[in-house]
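S.K.: fold the following and give me the result.
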Amino acid sequence: MAVLPIIEVPDPRLRTVSTPVAEVDDATRTLIGDMFDTMYDAPGIGLAAIQVGVPKRIVVMDLQEEEDEDGKPIRAPRVFINPEILDPAEDLSVYTEGCLSVPDQYADVERPARCRVTWLDEQGGAHDEIFEGLLATCIQHEMDHLEGVVFLDHLSRLKRDMILKKLAKARKAAA
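M.R.: Below you'll find the model as predicted:
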């Protein structure tokens, strides 16, 4: 497995609409492994394939919401191939979101509080489940990437411009 470079805004590849995975094969599973390595290394809780330059409809997530007796996060990796959101709730929730493609920047984003999701796993098995809370927020955030949308697109122009200026300033300071 390998840690891959993460594409950051304003890279135009992040605006690419990803294509469905035709066949869940060994190459797909290798990419998934590399995506997990990349996500954990960053560290993050979700990653879409386009964020590592692969325009395929693949998302990996691990909310790591539970801890072991030593206080270390327990990994609970999940893979979503060709995910689709069905029946998003009308009631909304607000979470402070961040993104590996927008490093160290966070903002409140309003999204449906629940959604039904269908997807394939890394073995090609079909799933259909209702997500709530952080899981619902995270899958919607990652699926936005599959449509060429970043979380900044959900913000007002003023908030988006402020974050982009902060990001540019941080990059300039690091250079």
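S.K.: and the worst-scoring helix or strand of the chain on mean pLDDT, which residues are buried?
M.R.: Using mean pLDDT, DSSP states H and E, helix 157-174 stands out as the lowest-scoring helix or strand of the chain, at a mean of 93. For helix 157-174, the neighbour count (16 or more other Cβ atoms under 10 Å) marks 160, 163, 167 as buried. In this view, the C-beta of every residue, glycine as well, is placed from N, C-alpha and C.
S.K.: the residue nearest to the last one when sequence neighbours are not counted and D144, how far apart?
M.R.: Which is L167. Spatially, and ignoring its direct neighbours in sequence, L167 is nearest to Q105 (5.8 Å; Cβ to Cβ, 6 or more residues apart in numbering). Per Cβ to Cβ, to the nearest Å, Q105 is found 16 Å from D144.
S.K.: OK, contacts around the one residue sitting closest to the centre of the chain?
M.R.: By Cα atoms, centre = their mean, the chain has its centre lying nearest to E142, at 3.1 Å. Counting by Cβ atoms under 8 Å, 6 or more residues apart in numbering, E142 touches 46-48, 59, 61, 80.
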